[in-house]
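J.: Below is the sequence, then the predicted model.
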2 protein chains.
Amino acid sequence: MLETERHEKILKLLKEKNTVKIHELVELTASSESTIRRDLTYLENRKFLKRVHGGAARLQGKLQEPSMIEKSSKNHQAKQKIAKFAVGLIEEGDSIYLDAGSTILEMIPHLPENIVVVTNGMTHLPLLLEKNIRTYLIGGFVKPSTKAIIGRDAWASLQHYRFDKCFMGVNGIHPHFGFTTPDQEEATIKELAISLSREAFILADDSKFTEVAFAKIADIEAATIITNELERDIEKQYEEKTVIKVVTS
Amino acid sequence: MLETERHEKILKLLKEKNTVKIHELVELTASSESTIRRDLTYLENRKFLKRVHGGAARLQGKLQEPSMIEKSSKNHQAKQKIAKFAVGLIEEGDSIYLDAGSTILEMIPHLPENIVVVTNGMTHLPLLLEKNIRTYLIGGFVKPSTKAIIGRDAWASLQHYRFDKCFMGVNGIHPHFGFTTPDQEEATIKELAISLSREAFILADDSKFTEVAFAKIADIEAATIITNELERDIEKQYEEKTVIKVVTS
DNA sequence: TTGTTTTTGATTAAAATTGATTAAAAATGA
DNA sequence: TCATTTTTAATCAATTTTAATCAAAAACAA
């Protein structure tokens, strides 16, 4: 049985019964106890359930459905591909900066183990720790909406590090206005992270191109762009300024 | 039957009947009397019911089903009282440091809104943000087991702040050896936090007294102790060295 | 195909939960 | 009141569950 299939079954049963025993799941899915245990840890890390002694319980905060649906959207497919490609650029022993944000989050499951990660995204932590990756969080103000760490202190805190590579998402990419994002404070952090890295990579699906958001992060020249399919004429506008990697399926 | 499952059944029956006998629950859940007793103690600690001779009764005040998300810890009751008292010391406009740890976590639901919080405990964030409290996280290495932020960088990051009050838990309190904790790196952070605060408070239930752990945080004189009931002679050993507040129920 | 990575299942020692047993405490009834 | 019965808390051994390893199997890539 496929891993995803098991996960779905587990969640389905959990939804019906509010609580499931490991043994029930072993029967239901005809897999070993070890596998079910791994599935449960996996699902718990992603906030789909709470593990309890002997099984798992549904969590009341029930943020359940939406993210499952989210994962099947086509936008998500693109993000996945881009993220996976980006991870391919990382080498063993690298120290990298991972920006907060959902695209970057997709990179984490594919990361190699023996690297050092610095991030400003609190939401990345559970998965990073699950993968046993040595992780540093920068300090500063916690932005309530996104749980990203920003502000003066974050800026100062980030100064302590140097990176082989950094990866980040943006809201707008424009030949003239460069990389942009709606929040000025976040832009400042991103800009600094880029300047502290030997190489910088911007992950963005095609919807971000020719868009401009409020706060400028950097010029196009400052980073390599990783994106999914892109019309040839748009691509041309950028390839004379920087490297642009188009991930083909 | 799963522990969680039993708890749900117990509460359900209690809701219907307003009062249940131990024997009824033994039958209902097909578990032993010992187990049911333990369940009742647990549920009473979390304020889900009141134990009475021979069974349990529904509590009048409020009956809360929603937050049945189980928190694990032994002396929940004592911690609650201590935490609540500690919050009473905070004044509007204060800037405070909240150490990582489960006792301190209990303070958060009771905190006033217009304060500024700095913390090294990632696990505190969801609750803090839910309460709309302005929160700063210090930067540094994320300790996988506890998700506390520690290390050199944490130390440097913490230096950026000053506090009106700081609150922390410890593992050992001893008249001669002072406050101690098992992890050297955590001790360093705690020590610094204390020195950055106008007033420092140690929250500890009675089990921590006369215990000594590996790494020293500070001398007894450095902080006010908040605890639950304490034998008079033990209390005496400390009260000549510092202020010790005993929270009586 | 071959070699490499990922997933799986079995094994084990450690940890947590359970149920039985006990002595102490609380309720009951004369 | 006191003796009797019921309930409780505390302890401990037995059982169950868990996390951690590791080798086999499967999936994948060259």
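T.: Yep, that arrived.
J.: nearest spatial neighbour of the most centrally placed residue in chain A, skipping sequence neighbours?
T.: With distances taken as CA atoms, centre = their mean, residue A:105 lies nearest the centre of chain A, 0.9 Å away. Leaving aside its sequence neighbours, residue A:105 sits nearest to residue A:124 (CB to CB, 6 or more residues apart in numbering or on different chains; 5.9 Å). All C-beta atoms are positioned from the backbone trio N, CA, C, and that covers glycine.
J.: Help me confirm that the one you found comes into contact with residue A:100.
T.: Yes - with contact defined as CB atoms under 8 Å, residue A:124 counts as touching residue A:100 (7.2 Å).
J.: Kindly provide the distance from residue A:126 to residue B:122.
T.: 10 Å (CB to CB, to the nearest Å).
J.: Among the two, which residue is more densely surrounded?
T.: residue B:122 (22 against 16; other CB atoms under 10 Å in any protein chain shown).
J.: quick one, phi psi at that one?
T.: phi -60, psi -30 (degrees, to the nearest 10).
J.: ok, for it, nearest residue in space, not its chain neighbours?
T.: residue B:147 (4.2 Å).
J.: Count the residues that sit near that neighbour.
T.: The number of residues packed near residue B:147 is 19, by other CB under 10 Å.
J.: so what's it scoring on pLDDT?
T.: pLDDT, residue B:147: 92.
J.: From what I see, it and residue B:101 are in contact.
T.: No - Residue B:147 lies out of contact with residue B:101 (CB under 8 Å); the separation is 10.9 Å.
J.: Name the residues contacting each of those two.
T.: The contact sets of residue B:147 and residue B:101 overlap at residue B:121 (CB atoms under 8 Å, 6 or more residues apart in numbering or on different chains).
J.: Let me know the average pLDDT across stretch A:17-36.
T.: 95.
J.: What's the first helix or strand after the worst-scoring helix or strand of chain A on mean pLDDT?
T.: Every helix and strand of chain A was ranked by mean pLDDT, DSSP states H and E. The lowest is helix A:64-70, at a mean of 50. Sequence order places helix A:74-88 as the next helix or strand after helix A:64-70, per DSSP states H and E.
J.: Pull the number of nearby residues for the residue in chain A that DNA strand D sits nearest to.
T.: Residue of chain A nearest DNA strand D, by CB to the nearest atom of the strand: residue A:54 (4.0 Å). Counted with other CB under 10 Å, the neighbours of residue A:54 add up to 15.
J.: Per the annotation, how does chain A divide into domains?
T.: A:3-69, A:74-246 (automatic domain parsing).
J.: From residue B:105, how far out is the nearest residue to residue A:53 once chain neighbours are set aside?
T.: In space, and not counting its chain neighbours, residue A:53 is closest to residue B:3: 6.0 Å by CB to CB, 6+ apart. Going from residue B:3 to residue B:105 by CB to CB gives 21 Å.
J.: How about the residues of chain A by DNA strand D?
T.: The interface of chain A toward DNA strand D, taken as CB under 7 Å from any atom of the strand, is made up of A:21-23, A:33-34, A:37, A:41, A:51-55.
J.: Find the helix or strand that the nearest residue to residue A:133 once chain neighbours are set aside is a member of.
T.: Closest residue to residue A:133 apart from its sequence neighbours, by CB to CB, 6+ apart: residue A:117 at 5.4 Å. Using DSSP H and E, residue A:117 falls within strand A:116-119.
J.: just checking, what packs against that strand?
T.: Where contact means 3 or more CB pairs under 8 Å, 6 or more residues apart in numbering or on different chains; DSSP states H and E, strand A:116-119 is packed against strand A:95-98, helix A:125-130, strand A:134-137.
J.: Tell me the gap between it and the middle of its chain.
T.: 13 Å (CA atoms, centre = their mean, to the nearest Å).
J.: and what of stretch A:76-87?
T.: 9 Å.
J.: List the buried residues for that stretch?
T.: Burial within stretch A:76-87, assessed by neighbour count using 16 or more other CB atoms under 10 Å in any protein chain shown, is assigned to A:76, A:78-83, A:85-87.
J.: so can I have JSON lines of these showing pLDDT?
T.: Output for the buried residues of stretch A:76-87, formatted as JSON lines (pLDDT from 0 to 100):
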{"residue": "A:76", "pLDDT": "73"}
{"residue": "A:78", "pLDDT": "80"}
{"residue": "A:79", "pLDDT": "84"}
{"residue": "A:80", "pLDDT": "83"}
{"residue": "A:81", "pLDDT": "84"}
{"residue": "A:82", "pLDDT": "89"}
{"residue": "A:83", "pLDDT": "89"}
{"residue": "A:85", "pLDDT": "88"}
{"residue": "A:86", "pLDDT": "91"}
{"residue": "A:87", "pLDDT": "90"}
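J.: Check whether the residue of chain A positioned farthest from its centre sits in a helix, strand or coil.
T.: The centre of chain A is farthest from one residue, residue A:27, which by CA atoms, centre = their mean lies 33.7 Å away. Reduced to three states with DSSP: H, G, I helix; E, B strand; the rest coil, the structure at residue A:27 is helix.
J.: how close does it sit to chain B?
T.: Going from residue A:27 to chain B by CB to the nearest CB, to the nearest Å gives 15 Å.
J.: next one: residue A:4
T.: For residue A:4, the distance to chain B - CB to the nearest CB - is 25 Å.
J.: Please apply the same query to residue A:129.
T.: Residue A:129 is 5 Å from chain B, by CB to the nearest CB.
J.: what pLDDT does that residue get?
T.: As predicted, residue A:129 sits at a pLDDT of 90.
J.: I appreciate the help and will end here.
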